[in-house]
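In: pasted the sequence and its predicted model underneath.
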There are 2 protein chains.
Amino acid sequence: MYELILKNVSRFIDLTEEETDFFTLLLKPRKLRKKQFLLQEGDVAHYQYFINKGCLRIYTINEKGQEHVIQFAIEDWWTSDMYSFLTQTPAKMNIETIEDTELLSIDYPSLEILYRKVPKFERFFRLLLQNAFIAHQRRIIESMSLTADERYCKFIERYPAMEQRIPLKFIASYLGITPESLSRIRSQNTKVK
Amino acid sequence: MYELILKNVSRFIDLTEEETDFFTLLLKPRKLRKKQFLLQEGDVAHYQYFINKGCLRIYTINEKGQEHVIQFAIEDWWTSDMYSFLTQTPAKMNIETIEDTELLSIDYPSLEILYRKVPKFERFFRLLLQNAFIAHQRRIIESMSLTADERYCKFIERYPAMEQRIPLKFIASYLGITPESLSRIRSQNTKVK
DNA sequence: CGTCTATTTGAATGTACTCAAAAGCGGTGG
DNA sequence: CCACCGCTTTTGAGTACATTCAAATAGACG
């Protein structure tokens, strides 16, 4: 159960056996079926989630009622409404499963305890925030400088594992285009090959 | 010289007189004329900058040679290539003055010293990163759900002090449109009133 | 005053959108 | 296991918005 998350953490920090045990004891497993909510707009994000298995999307709904996918998350990814979690204020994001999903979660107070006991984790979670920041910055630049077609190609190149599993309408939402446009882009691209 | 920055810091953390002195001693003032670079792509961002006076833009240049303004910064703002600074790796951003500018800067080693001596500053700079993260997230959502016209209106509503001082071509770049389009949007809007 | 850059305006083009309808697919109940 | 229903994806036609390229005007700076 902890194999994947420990491998994930070890990419950034090294843990002793004792630290590993302390960490895993703070984690709570959770299972969700397809199309269930992990977080809904207005709730405070109490947890950071690590995905052992499955697939989710994080999205907001704007004043016009449109959904916008901010991010997908699959195995070996962390997710949460970062802002809501860090500030412990009501979320503007919704997190919903796309497949049956198995998670490990750590709540805010447990994370504080973890930081005090194993300060290396401060570094680890700061790096998560940094990476999220960079990903956002890259997305801003790409949304301005690339066409929808180019954005789609980059997406499947960057996240090949996702393309198969995520309904096209969600990918379209992530790319900032309509499902119809994505459909046309895809048929154009297969013709060319 | 330190009035503005201390007021800025005090919005998030309270400092004793001693801590204030320690902090200000680490700051180096710097003056730049219009159209000078504070940071260029490829250099490592050694500093966080606080702007006492003036105006700057942070931008990237993509493979196609297009400039994209990521952010503007004026008095009472902090700026840097956040990623380059945090990871101490070469920057992808350029930072260039739009007006004659007066800054206070703190370098990476000094910040480490500051963290050790006055740990409250860890909180302060984490909040800076958080706010930058949020600003980016909001921009992604708005770039997907708003028209160019709406984005421009939000911009002048959110940063009224900037509109007067920043050449339109830079604002267009920030909004992700061409200068011609922005010109048309503006003439449309004044007609309506 | 002249030069260089920024901004505006015009015309033609292109990309993605909306609305509508058909086709495809998956899950559920008989 | 199959038939049906609802949702997703595709396709089509017409439209809107922003772009490109070109040229004119306005403004800033030495």
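Out: Happy to help now that I have it.
In: how many other residues sit next to the nearest residue to residue A:176 once chain neighbours are set aside?
Out: Leaving aside its sequence neighbours, residue A:176 sits nearest to residue B:144 (Cβ to Cβ, 6 or more residues apart in numbering or on different chains; 3.9 Å). Yep, even glycine has a C-beta here, placed from its N, CA and C like the rest. Residue B:144 has 19 neighbours, counted by other Cβ atoms under 10 Å in any protein chain shown.
In: what do you get for residue A:150?
Out: 12.
In: quick check: it vs residue A:143, distance?
Out: From residue A:150 across to residue A:143, the span is 11 Å (Cβ to Cβ, to the nearest Å).
In: please see if whichever helix in chain A runs longest touches DNA strand D.
Out: Longest helix of chain A, by residue count under DSSP state H: helix A:120-145. No: using Cβ under 7 Å from any atom of the strand, helix A:120-145 stays clear of DNA strand D, coming no nearer than 8.6 Å.
In: which helix or strand lies directly C-terminal to that helix?
Out: Scanning forward in sequence from helix A:120-145 by DSSP states H and E, the next helix or strand is helix A:148-158.
In: report all helices and strands that the next helix or strand after that following helix contacts.
Out: Using DSSP H and E, the next helix or strand after helix A:148-158 towards the C-terminus is helix A:160-163. On a contact count with 3 or more Cβ pairs under 8 Å, 6 or more residues apart in numbering or on different chains; DSSP states H and E, helix A:160-163 meets strand A:67-74, helix A:148-158.
In: go again with 6 Å.
Out: Taking 3 or more Cβ pairs under 6 Å, 6 or more residues apart in numbering or on different chains; DSSP states H and E as the contact definition, helix A:160-163 has no neighbouring helices or strands.
In: can I assume residue A:94 is in contact with residue A:42?
Out: No: counting by Cβ atoms under 6 Å, residue A:94 stays clear of residue A:42, with 9.5 Å between them.
In: ok, those two, which is more surrounded?
Out: residue A:94 (21 against 10).
In: how near is the residue nearest to residue A:176 to DNA strand C?
Out: Taking Cβ to the nearest atom of the strand, to the nearest Å as the measure, residue B:144 falls 9 Å from DNA strand C.
In: got the confidence number for that residue?
Out: Note on residue B:144: pLDDT of 89.
In: run a quick neighbour tally on residue A:168.
Out: Residues lying near residue A:168 (other Cβ under 10 Å) number 12.
In: and the one 5 residues further on, by the same measure?
Out: Applying other Cβ under 10 Å, we find 21 residues neighbouring residue A:173.
In: what do you get for residue A:182?
Out: 20.
In: so the nearest residue to it once chain neighbours are set aside is in which element?
Out: The spatial neighbour of residue A:182 that comes closest, neighbours along the chain excluded (Cβ to Cβ, 6+ apart), is residue A:172 at 4.0 Å. Per DSSP H and E: residue A:172 is located in helix A:168-175.
In: same check on residue A:56?
Out: Using DSSP H and E, the element containing residue A:56 is strand A:55-61.
In: list the buried residues of that strand.
Out: Neighbour-count burial for strand A:55-61, counted by 16 or more other Cβ atoms under 10 Å in any protein chain shown, picks out A:55, A:56, A:57, A:58, A:59, A:60.
In: tell me the one of those nearest DNA strand D?
Out: residue A:57 (11.7 Å; Cβ to the nearest atom of the strand).
In: show me the shaky parts of chain A.
Out: A:191-193 (pLDDT under 70).
In: need the residues of it near chain B, please.
Out: For chain A, the residues in contact with chain B (Cβ under 6 Å from any Cβ of the partner chain) are A:60, A:62, A:66, A:68, A:83, A:86, A:130, A:133-134, A:136-137, A:139-141, A:143-145, A:176.
In: no further questions, thank you.
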